[in-house]
Structure formats: structure tokens, C-alpha cells
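[1] Sequence and predicted structure, then a few things I'm wondering about:
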Amino acid sequence: MTTEFKFPDLGEGITEGEIKKWLVKEGDVIEADQSLAEVETDKAVVEVPSPSAGKVLKLNYKEGEVVLVGEILAVIGEEEGKPEEIVPVEVRREPEERRKSVSVVGELPEAPEEEQILEAEPVGVLAMPKVRKLAKELGVDISKVKGTGKEGRVLERDIKGAVEEKPKEEKKPKKIPKFDIYGWVDRVPVRGVRRTIAKRMVESLQKTAPVTATEIADVTELVELREREKKTVMETRRIKLTYMPFIVKALVESLKEHPYLNSTMDDENQEIILKKYYNIGIAVATEDGLIVPVVKGADQKSIFELAEEIQRLAEAANNRTIDMADLKGGTFTITNYGVFGGLYATPIINYPEVAILGTGAIRNTPIVIDGEVKIRKIIHLSLTFDHRVLDGAEGQKFLNTLVRYLEDPEIILMSA
């Protein structure tokens with residue numbers, strides 16, 4: 001008895017996955033629920049378990065290939081038995097191999113998308129050299145053209161007539177250059193997280209009316225507070241205390257005062273859905289691209305609990321071991337490009353949310369206080385919001401509220 005194991009539906013709209021690594025090989029004897037492979041979806045890398053025990057008779061995909069939900073991933077049978085018949089996978093996607101870099105010498109040859117076989121020049125055909133050249137340029141098999149000239153000689157009009165009669169589907173495959181005329185090139189397949197990012201960013205810009213407002217906040221007192229507490233927190237709780245928990249707490253309190261930024265636009269019913277819960281997504285830059293794990297119930301967590309959860313999610317995102325449940329349900333997103341030294345940006349909304357906050361680097365900055373120039377710790381903020389849902393005035397009021405919380409950390413601690 002054999003079992004054809006189909007790639008399961010993992011939910012969250014996932015329709016395909018890339019085989020990153022096989023954890024078994026053909027001929028292995030496995031147990032039920034033993035992991036067969038690591039599969040990268042557009043959300044995360046997940047291990048796919050075997051539905052039954054037995055011997056791995058066939059692995060239908062190679063590492064790097066893409067498998068669709070419902071396609072046969074592997075065939076598992078009795079340890080001593082062999083399958084009577086293995087149903088072939090109906091739809092297969094060949095791996096998109098990276099094309100090797102090549103140098104540019106002389107003219108640029110072009111390679112068709114489909115492999116072409118060079119055939120010898122047909123013999124026994126009466127035609128002038130220029131006619132043969134024309135046939136070659138137009139992709140016409142001159143041996144199959146009936147000549148109308150003397151003694152059956154093929155003329156230019158015969159070649160042109162053959163082109164007009166030739167069905168569109170028989171035309172030569174479109175040619176693409178092997179490399180750029182200016183130098184070497186390398187083609188990188190767009191897969192996994194990068195493919196999802198590309199899709200979702202375009203979707204966001206097509207479905208929202210984004211506008212960005214910027215502001216600064218004097219976080220000198222917040223910096224001093226963190227410096228006093230971070231060593232103790234690490235020693236007692238084994239948690240790295242960053243600025244992000246304070247920003248999340250200030251953000252949540254600001255969202256409570258400006259609820260339209262914690263909402264979703266229902267385009268079909270033309271309604272704005274104001275959400276009474278606060279699930280804050282925090283963009284994490286991984287080697288494969290941005291992943292946005294979500295801190296659930298951020299309004300119900302203390303500064304230390306937020307720090308612990310943010311650290312857990314960031315580590316899981318970077319290790320690509322994050323649970324699918326941690327990637328959904330967000331109501332507002334923060335992206336921290338300041339960790340790379342950036343100040344301002346125009347973040348793209350994490351649709352279907354209606355706003356995103358970008359936080360820049362904290363820098364020593366001269367500012368005027370009571371007529372005197374002083375050096376203070378300044379953070380730069382960028383808020384992108386959907387103009388369909390709220391206007392610029394409301395966006396700026398939200399920033400003003402956020403600045404008030406960030407500049408007075410005692411208020412943040414009281415709210416916690």
C-alpha cells in the first residue's frame with residue numbers, strides 16, 4: 001500500500017512553497033509525523049511532516065523547485081513494498097537557475113527562451129542567397145516553401161507569403177539577450193519573501209492614497225531612563241531593553257486617542273472598521289527580506305513584557321522559525337530604519353492597515369530651548385497614512401500626541 005502525500009494547504013492564502021531542504025531521502029524508513037522537508041512559503045520556512053510511517057519511495061521535487069498546494073510531494077509505502085503505480089505530478093515548475101555571469105566580447109548573441117537545435121541548410125532548394133537570408137531572418141523553413149519562380153525557384157514573395165500564412169503560435173520564441181551590452185549581468189529568481197514583498201508593496205500603492213508626514217521628538221529623558229535600566233533588566237530578566245518597547249507603548253496610547261489610525265477600510269461596503277484591539281506589527285530585516293511579526297494585545301502588556309515579546313519575535317523571524325500565527329492580525333505597523341542610520345523615509349502602508357510609523361536614528365542635535373542652544377537626543381518620525389481614511393490634520397495631531405508621550409517617559413510608564 002502506498003500513500004501519495006500532497007502538499008497541504010497551510011492557510012493564510014498560501015498557494016505554493018519552495019523546497020528549501022529535504023530532510024529525508026528516497027529509501028529512508030520514516031515514522032508518522034517525521035519532518036520530510038523544509039518548505040519556504042511567502043510567510044516563513046515551515047517543516048512539513050509525513051502523514052504516515054513507511055519507506056520513502058519517491059520524492060517528486062528537487063531542492064529549489066516550487067510545489068503548488070495539492071500537488072504530490074512524495075510517495076510513501078510499506079517498508080518492503082513498492083508502489084504498483086506512482087501517479088505523476090500534473091503540474092511541475094522547473095527551478096529558475098541563476099544565470100552565470102559572462103563577459104561581453106564582440107556582438108551580443110541572443111538566446112531564445114526555448115532551446116533551439118541548429119539544423120543544416122536544406123539542400124535541393126532553388127533560391128538566391130538573398131532569399132535564403134530573408135527566410136532565415138523571418139524564421140521560415142525554406143524547404144517547405146513552394147517556389148513560384150522558374151523551375152520552382154523560391155522568390156522573395158514566396159517567403160513573405162509564407163510568413164503571412166504562418167499561424168501565430170508557430171512563430172519563433174521570443175528572444176532575450178544573454179547579457180547587458182555594458183557588462184556582466186546576473187539573473188536572480190524572485191521567490192519566497194521577496195516575491196511577497198514585491199506583490200504586497202504594489203498592492204498597497206494601488207489600493208491606498210498614501211501621504212507621509214514627518215516630525216521630531218526630544219527623547220533625551222527616554223534615553224537616560226533606558227540607560228539606567230537596561231543593565232538591571234538584562235541581569236534580572238535576561239531581556240535586551242531597546243527603545244522599541246517604549247515606542248510601542250507610546251504608539252498604543254496615541255492610537256487610543258486617534259482611533260482612525262487603528263482601522264481598516266472596507267471598500268466593498270464603504271465603511272471604516274475601527275478596531276478596539278492593538279496588535280502592533282514590527283518590521284524585522286532578515287537576510288531574505290522584511291518580515292513583520294505581530295505583538296498581540298500590545299495595550300495589555302508592560303514595558304518589560306513588550307521587550308520580551310519583541311525579542312522573541314525578532315529572533316524567530318531571523319531564524320525563520322516563526323509561527324504562522326505570529327505573522328497575522330496586525331492593526332498598525334512600525335518600521336525602524338533608524339537602526340541602519342536613517343532619519344526620514346516614506347514607508348509604504350502594510351495593507352489592509354491604514355497607517356505605518358517609521359522611526360529614524362536618535363542623534364545628538366542642537367535645538368533652541370528658552371533662547372539657548374542645547375544638544376539634545378532627537379528622534380525623527382515618519383508617518384504614512386491612507387488619505388482615504390483620514391486627513392492631514394488628523395495625521396499631524398496623532399504625531400503631536402505621539403511626541404508628547406515620547407518626550408515624557410513617565411507618562412508611558414504610568415500607562416503601563
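    Thanks, I have the structure now.
[2] Any buried residues in stretch 228-235, and which?
    If you call a residue buried by 16 or more other C-beta atoms under 10 Å, then stretch 228-235 has these buried ones: residue 233. Where you see a C-beta, it was placed from the backbone N, CA and C, and this is true even at glycine.
[3] contacts for it?
    For stretch 228-235, the surrounding residues in contact (C-beta atoms under 8 Å, 6 or more residues apart in numbering) are 239, 240, 241, 304, 307.
[4] now those: which count as buried?
    239, 241, 304, 307.
[5] So which of the contacts of stretch 228-235 sit within helices?
    Counted as lying in helices by DSSP state H, out of the contacts of stretch 228-235, are 304, 307.
[6] now for the contacts of stretch 228-235, which pair is the farthest apart?
    Pairwise distances across the contacts of stretch 228-235 peak at 11.5 Å for 240 and 304 (criterion: C-beta to C-beta).
[7] that older thread, could you redo the buried ones among the contacts of stretch 228-235 as TSV and give each row distance to residue 347?
    Output for those, formatted as TSV (distance: C-beta to C-beta, whole Å):
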residue	distance to residue 347
239	27
241	25
304	27
307	23
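[8] right, and out of the residues you listed, which lies closest to residue 198?
    residue 307 (32.2 Å).
[9] quick one, what contacts the closest one?
    Contact partners of residue 307, counting by C-beta under 8 Å, 6+ apart, are 233, 237, 239, 240, 241, 242, 244, 245.
[10] could you redo the last one with a cut-off of 7 Å?
    The contact partners of residue 307, by C-beta atoms under 7 Å, 6 or more residues apart in numbering, come to 239, 241, 242, 245.
[11] and what of residue 240?
    Listed by C-beta under 7 Å, 6+ apart, the contact set of residue 240 reads 234, 311.
[12] Helix, strand, or coil at residue 38?
    strand (DSSP: H, G, I helix; E, B strand; the rest coil).
[13] do residue 249 as well
    The local conformation at residue 249, judged by three-state DSSP, is helix.
[14] what about it, neighbour count?
    Residue 249 has 25 neighbours, counted by other C-beta atoms under 10 Å.
[15] One more: residue 33?
    Other residues close to residue 33 by other C-beta under 10 Å number 10.
[16] so what's it closest to, chain neighbours aside?
    residue 49 (4.7 Å; C-beta to C-beta, 6 or more residues apart in numbering).
[17] and that neighbour, backbone torsions?
    phi -90, psi 150 (degrees, to the nearest 10).
[18] repeat for residue 319
    Dihedral angles for residue 319 - degrees, to the nearest 10 - are phi -90, psi 0.
[19] which intervals of the protein have sub-threshold pLDDT?
    Within the chain, the set of residues satisfying pLDDT under 70 comprises 11-13, 42-43, 79-124, 166-180, 415-416.
[20] Show me it divided up by domain.
    2-77, 210-415 (the TED database).
[21] want to throw these into a markdown table with distance to residue 128?
    Below are these laid out as a markdown table (distance: least, C-beta to C-beta, whole Å):
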| stretch | distance to residue 128 |
| --- | --- |
| domain 2-77 | 50 |
| domain 210-415 | 58 |
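[22] how about those, which one is nearest residue 195?
    domain 2-77 (6.3 Å).
[23] residues near residue 395, how many?
    Residue 395 has 24 nearby residues by other C-beta under 10 Å.
[24] circling back to that earlier point, out of the buried ones among the contacts of stretch 228-235, the closest to residue 224 would be?
    Scanning the buried ones among the contacts of stretch 228-235 for proximity to residue 224, where the rule is C-beta to C-beta, the winner is residue 241, at 13.1 Å.
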